[in-house]
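Participant: no FASTA, just this:
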């Protein structure tokens, strides 16, 4: 068990580099991952979500009652800023429908679980981060299909009910199962949580490898454009999220948290939805896969930068 824990810590620490190496291998030597199939994406994402559920406790949700305004700000920012940035990029770059779907799906999905780790590294408000991630994820079955329909329903056919049930199946059910197990078997899950990074990173890397290897030829021709859009989407999310929190009077610790929560998306879910609800658009899975690679790199960079920022007088005022 100790060996697994050490391996888990190593994988968690160097996740960004591991994802980059695997993505590059999948892009340039796609046959390496020919044994991976698109049908594996949902089960892999369910494993990640189950792991998230194992880390949740009832106390994580009590923050909503004690600090509702902060949670509401993060929640609204999550489902307003990223979808609007996505739509703007789609319009500016005049993307074809199959790419537009992928970009918008990334924008309308809830926050990513790795945002909690990045918030910790950034010396942000981890409790707030966990709560916002949890609530945005729980409301995703309703909001993600609705916002997606609102933004691109006039361009492509959006099956809202299909998306709803897909999110419930691959997100809500695994998280709920993990939460229940943690509730009744807490002592066991305390040990399991120590190796969760190993399991989660393996699943995320497999999802990225699957999507990139299956679409390597198309990535070679349109990859630079998609990468540029993903980088812009993610970077603008951090920037606008940070200044939104600042304008609304939150302290620096919370500004960091909101920025990371807004900028880092559950791109695995976006990839899953693209593969299932928009199977007629093969390229729709690509933005989510690239986002999975990039936001782990940018997240580490922004977390290191934020960690050097000091609260100063603001910390004293809000203590």
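Facilitator: Alright, I've got the coordinates. Source: prediction; values computed, not measured. Numbering: from 1, shown residues only.
Participant: So residue 309 versus residue 301, what's the distance?
Facilitator: Noted for residue 309: a distance of 14 Å to residue 301, by C-beta to C-beta, to the nearest Å. The C-beta positions use only the backbone N, C-alpha and C, and glycine is treated the same way.
Participant: Stretch 185-192: which residues count as buried?
Facilitator: By neighbour count on 16 or more other C-beta atoms under 10 Å, the buried set for stretch 185-192 is 189, 192.
Participant: Quick one: distance of that stretch to the chain centre.
Facilitator: 25 Å (C-alpha atoms, centre = their mean, to the nearest Å).
Participant: And for the closest residue to residue 84 other than its chain neighbours, the neighbour number?
Facilitator: Nearest non-adjacent residue to residue 84, counting by C-beta to C-beta, 6 or more residues apart in numbering: residue 107, 7.7 Å away. Residue 107: 28 surrounding residues under other C-beta atoms under 10 Å.
Participant: just checking, next helix/strand downstream of the helix or strand hosting residue 23?
Facilitator: Element membership for residue 23 (DSSP states H and E) is helix 15-28. Going down the chain from helix 15-28, the next helix or strand is helix 41-55, by DSSP H and E.
Participant: for the strand or helix carrying the residue nearest to residue 84, packing partners?
Facilitator: Using DSSP H and E, residue 107 maps to helix 97-108. Packing partners of helix 97-108 (3 or more C-beta pairs under 8 Å, 6 or more residues apart in numbering; DSSP states H and E): helix 68-92, helix 140-152, helix 216-247, helix 267-277, helix 285-307.
Participant: winner for burial among those?
Facilitator: helix 267-277 (a mean of 28; mean count of other C-beta atoms under 10 Å).
Participant: Contact partners for residue 286?
Facilitator: When contacts are counted by C-beta atoms under 8 Å, 6 or more residues apart in numbering, residue 286 touches 99, 102, 211, 215, 218-219, 226.
Participant: at 7 Å instead, please
Facilitator: Residues near residue 286 by C-beta atoms under 7 Å, 6 or more residues apart in numbering: 102, 211, 215, 219, 226.
Participant: next one: residue 83
Facilitator: 107-108, 147, 151.
Participant: so can I have CSV of the residues you listed showing distance to residue 87 and pLDDT?
Facilitator: Listed next are the contacts of residue 83 as CSV, based on distance: C-beta to C-beta, whole Å; pLDDT from 0 to 100:
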residue, distance to residue 87, pLDDT
107, 7, 96
108, 10, 96
147, 10, 96
151, 5, 94
